[in-house]
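A.B. asks: Need a 3D model of the following:
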Amino acid sequence: MSHLSERPEKPVVGVSMPHESAVQHVTGTALYTDDLVQRTKDVLHAYPVQVMKARGRVTAVRTEAALAVPGVVRVLTGADVPGVNDAGMKHDEPLFPDEVMFHGHAVAWVLGETLEAARIGAAAVEVDLDELPSVITLQDAIAADSYHGARPVMTHGDVDAGFADSAHVFTGEFQFSGQEHFYLETHAALAQVDENGQVFIQSSTQHPSETQEIVSHVLGVPAHEVTVQCLRMGGGFGGKEMQPHGFAAVAALGAKLTGRPVRFRLNRTQDLTMSGKRHGFHATWKIGFDAEGRIQALDATLVADGGWSLDLSEPVLARALCHIDNTYWIPNARVAGRIAKTNTVSNTAFRGFGGPQGMLVIEDILGRCAPRLGLDPRELRERNFYRPGQGQTTPYGQPVTQPERITAAWQQVLDRAGFADREREIAAFNAAHPHTKRALAITGVKFGISFNLTAFNQGGALVLIYKDGSVLINHGGTEMGQGLHTKMLQVAATTLGIPLHKVRLAPTRTDKVPNTSATAASSGADLNGGAVKNACEQLRERLLRVAASQLGSNASDVRIVEGVARTLGSDRELAWDDLVRTAYFQRVQLSAAGYYRTEGLHWDATKFQGSPFKYFAIGAAATEVEVDGFTGAYRIRRVDIVHDVGDSLSPLIDIGQIEGGFVQGAGWLTLEDLRWDTGDGPNRGRLLTQAASTYKLPSFSEMPEEFNVTLLENATEEGAVFGSKAVGEPPLMLAFSVREALRQAAAAFGPKGTCVELASPATPEAVYWAIESARQAGTADNGGARDEAAVGGAARTGAEALSGA
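C.D. replies: Down below sits the predicted model:
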């Protein structure tokens, strides 16, 4: 077992315990960024001047009327920026734009003594605009050839030969929606300037170091004059990885210019209309199978809706391409990617970061093709799994380690769910109920863990031991409710060999741990846990030498367990507090900076080949649904999940992440339907679903009636902190089983072997139309299948084609 993954005697990791801030969360005493305003004197409030047109050139901004409003202190415009007027890492996001790029784009910000004064002042600012043609939908962007950013192509094997060897060839297309983050806490920042002109920003950000970098660029000052702290976030889900930077810069600029603290917080409508979403995608594909249903070749093009600027669209698209294989070996593949430029908000990171979109494409393909191949969807998926001992690699060239876990998790779900018995029960139920159908579907997940950009795979920590034996941890990760801080406390206590109550964790700050990576890519525990463990190991080694001098033994023979140092084979012992006090008087350093970098990664972005991931997280889920044939309404009757988290650092936290990820994924795939005004009227480009009343979120009523989550056993991950695996993003993709169950239930309204297309999100309306399609299949041509050769396709006679929606 590797040093990093080995666990000592009586570890604190692996013990189920509640979130470290759970009591504060449920009692309302947990502080978030905007709560700090009440503790800050003379705060000014920032409010955006939004232009409610989809696109146009700003010809004038008149602020005189706003400055005449009582309580308005200043109006911030581009002329006030002393540094770079840009809030993006790609330098394509002007903080104060001279061209409006989406409906609701802010062109100026008003600072007021009160929020109401700032709001009235913002309404008084006059903006002259020359309207320009806009592109709102992904289809319009494709038609207009409106693209930006990288155009990656991933190739593997010989695609043409693969199709030539295929007994069945299908083609189709698939478009699916994005998703709103809808974190409970909207974007917020509070900026202050001290007597030396240095800026301190409290920000609800997943990436404090990048917030610091953007703010320093905007202000034209070096990074050491800007400190960013993230106390905690009320949810992030990727939406606070890139997008908080410009908002923090507005607050910082206001504070610099006025000398007073500036508070920034978007209300819910502003947050929905100004911040980016999960990328919607359009896919066209062609896939070949042999006579037994094994994939021979895949040729696909994925187009991501990037919105008006690049933001993180390029790495999102890259991860989508890297995950189009999911758990399936594709010997010959050619997958191209494009980023559409539309006049909507700039789409950004969202839990899974493109991985869910790539996986959804292949799962939709298999769900549609299984009936055409005369195979049960479960059987088709099983036949195409990565297999041990075959030397199989992903389409981007990375060997698939632990492929046996794909089958193990899958089989455990089948067994625990009583899959075969329930399939028979469902068949009997469906035969007896012509207007209500049930279905049971199972899908798997293989998700790569690490940032695609190798440089981001590093973490830092600072651990301090005080003379009384108490310990304070600083690390580069941010807490957004996912339990990272809880795990870091457990890692520190385990490494030092002390009780958990001895350890406290400080808020994430850029002046404590510099140059950190975003808390994203599910890597927070891996990177920061490795760094915390490294710092604690340095301290433990120093203390072991001190203990050895007191116990009359060699340091290699001393163990610190549950706060007591003992020598092997001896009754002599030394309490932790006494050990620390002795070390202080011996002038032993009681602080350490820890560092961790993920080894074994390499990635060639130009060739789109390499091994960008440390390991793969594996899981499987089975979902049973019941669908009403009159309305398309449905309910989730039961869910069974087996998920691989390695040796869990904190089982209760991990199970919570699996449950939450699954429900959020189900929301994306079945409920959450983003709509924009695509007409040519005055509100063109306006987000129509800009409140919880029009944007349907998962609630208690959408929770599975029976929800069983099990962690895969005997799953130690070598080379990861205490043998654990990441858990933040992978469970979201387990919700594919919900969508596939809905597809199968809709198909059950038609004759056996019916192939139905299902929109995403699969809302009750979408399910109803799928049911209608299935009903008509008995009198039509069974799901729209065509002989590709008869319509000029390149496949040989007998190949089938699926037209897509």
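A.B. asks: What segments of the stretch 501-650 of the chain are strands?
C.D. replies: 503-505, 508-509, 558-561, 564-567, 573-575, 591-597, 602-604, 609-611, 615-628, 634-643 (DSSP state E, counting those that start in this stretch).
A.B. asks: now these in CSV, with distance to Gln192 and mean neighbour count?
C.D. replies: (Each C-beta comes from the backbone N, C-alpha and C, glycine too.) Formatted as CSV, those follow (distance: least, C-beta to C-beta, whole Å; neighbours: other C-beta atoms under 10 Å):
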stretch, distance to Gln192, mean neighbour count
strand 503-505, 23, 19
strand 508-509, 14, 24
strand 558-561, 41, 19
strand 564-567, 44, 19
strand 573-575, 42, 16
strand 591-597, 27, 18
strand 602-604, 40, 14
strand 609-611, 44, 18
strand 615-628, 40, 26
strand 634-643, 43, 24
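A.B. asks: Can you pull out the low-pLDDT segments for the stretch 251-400 of the chain?
C.D. replies: Residue ranges of the stretch 251-400 of the chain with pLDDT under 70: none are present.
A.B. asks: Residue ranges in the protein under the pLDDT threshold?
C.D. replies: Looking along the chain with the criterion set at pLDDT under 70, you get 1, 778-805.
A.B. asks: could you redo the last one with a cut-off of 80?
C.D. replies: Applying pLDDT under 80 to the chain flags the ranges 1-2, 778-805.
A.B. asks: and the longest helix for it?
C.D. replies: Ordering each helix of the chain by length in residues (DSSP state H) puts helix 524-551 first.
A.B. asks: What are the buried residues along that helix?
C.D. replies: Neighbour counts over helix 524-551 (16 or more other C-beta atoms under 10 Å) mark 524-540, 542-544, 546-548, 550-551 as buried.
A.B. asks: Distance check, the residue most central in space within the chain against Pro48.
C.D. replies: Computing the C-alpha centroid of the chain and ranking residues by C-alpha atoms, centre = their mean puts Arg351 first, at 1.5 Å. Going from Arg351 to Pro48 by C-beta to C-beta, to the nearest Å gives 27 Å.
A.B. asks: same question, Leu453
C.D. replies: 31 Å.
A.B. asks: quick one, which of those two is more surrounded?
C.D. replies: Per other C-beta atoms under 10 Å, whichever of Leu453 and Pro48 has more neighbours is Pro48, with 22 against 16.
A.B. asks: partners of the spatially closest residue to His602 that is not a sequence neighbour in the sheet?
C.D. replies: Once flanking residues are discounted, His602 sits nearest to Gly610: 4.8 Å by C-beta to C-beta, 6 or more residues apart in numbering. Beta bridges link Gly610 to Trp603, judged by DSSP bridges.
A.B. asks: again, but for the one 10 residues further on
C.D. replies: Taking DSSP bridges, one obtains Gly444, Val642 as the residues bridged to Ala620.
A.B. asks: Do I have it right that it meets Thr407?
C.D. replies: No: using C-beta atoms under 8 Å, Ala620 is not in contact with Thr407; the gap is 9.3 Å.
A.B. asks: quick revisit: right, and the strands of the stretch 501-650 of the chain - which one's nearest Gly753?
C.D. replies: Among these, the nearest to Gly753 by C-beta to C-beta is strand 615-628 (18.4 Å).
A.B. asks: Which strands and helices lie in contact with the closest one?
C.D. replies: The contact analysis (3 or more C-beta pairs under 8 Å, 6 or more residues apart in numbering; DSSP states H and E) places strand 615-628 against helix 404-416, helix 419-432, strand 436-449, strand 634-643, helix 736-747.
A.B. asks: Using PDB, write out every CA atom in the fourth one.
C.D. replies: Think strand 634-643. Only the C-alpha atoms of strand 634-643 are listed here, as PDB (Å, rounded to 0.1, in the frame of the first residue of the first chain):
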ATOM      1  CA  TYR A 634     -44.400  10.200 -13.400                       C
ATOM      2  CA  ARG A 635     -43.000   9.300 -10.000                       C
ATOM      3  CA  ILE A 636     -39.700   7.700  -9.000                       C
ATOM      4  CA  ARG A 637     -40.600   4.600  -7.100                       C
ATOM      5  CA  ARG A 638     -37.200   3.300  -6.100                       C
ATOM      6  CA  VAL A 639     -33.500   4.000  -6.600                       C
ATOM      7  CA  ASP A 640     -30.600   1.700  -5.800                       C
ATOM      8  CA  ILE A 641     -27.100   3.000  -6.000                       C
ATOM      9  CA  VAL A 642     -23.600   1.500  -5.500                       C
ATOM     10  CA  HIS A 643     -20.900   4.000  -5.700                       C
END
